[in-house]
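> just the structure for this:
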Amino acid sequence: MRVDISDVLLSQALTAMADAGLGADSPAEAYIRGYRDGWQAGIDLAIRIETNFDKEDLQDETGK
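Just a heads-up that it's a prediction; the model follows:
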């Protein structure tokens with residue numbers, strides 16, 4: 001069975017909107033909140049990745 005990725009993403013988006021309580025917001029408010037939350041999630045991921053790279057670099061330098 002082949003799963004269409006757009007169906008998966010739509011389902012995730014609808015679940016996230018329901019979890020965030022965005023059903024009562026106007027479309028513009030929901031868009032802005034979603035954009036802001038997505039942006040923050042992206043920044044948090046980038047920080048975690050960079051932190052892991054930094055830890056690896058420190059381990060390489062100290063030989064641990």
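> count of residues packed around residue 50?
10 (other C-beta atoms under 10 Å). C-beta: built from backbone N, CA, C; applies to glycine.
> which strands and helices lie in contact with the helix or strand hosting residue 50?
Assigned by DSSP states H and E, residue 50 belongs to helix 27-62. When contacts are defined as 3 or more C-beta pairs under 8 Å, 6 or more residues apart in numbering; DSSP states H and E, helix 27-62 packs onto helix 5-20.
> angle of the helix it packs on against helix 27-62?
In terms of direction (axes from the mean of the first three to the mean of the last three C-alpha atoms, to 10 degrees), helix 5-20 departs from helix 27-62 by 100 degrees.
> export helix 5-20 as CSV, just CAs?
Extracted in CSV, the C-alpha atoms of helix 5-20 (Å, rounded to 0.1, in the frame of the first residue of the first chain):
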residue,chain,number,x,y,z
ILE,A,5,2.9,12.1,1.7
SER,A,6,0.4,15.0,1.2
ASP,A,7,-2.2,13.0,3.0
VAL,A,8,0.2,12.4,5.9
LEU,A,9,1.1,16.0,6.1
LEU,A,10,-2.5,17.2,5.9
SER,A,11,-3.4,14.8,8.8
GLN,A,12,-0.5,16.1,10.9
ALA,A,13,-1.4,19.7,10.2
LEU,A,14,-5.1,19.1,11.2
THR,A,15,-4.0,17.3,14.3
ALA,A,16,-1.6,20.1,15.2
MET,A,17,-4.3,22.7,14.7
ALA,A,18,-6.7,20.8,16.9
ASP,A,19,-4.1,20.3,19.6
ALA,A,20,-3.3,24.0,19.5
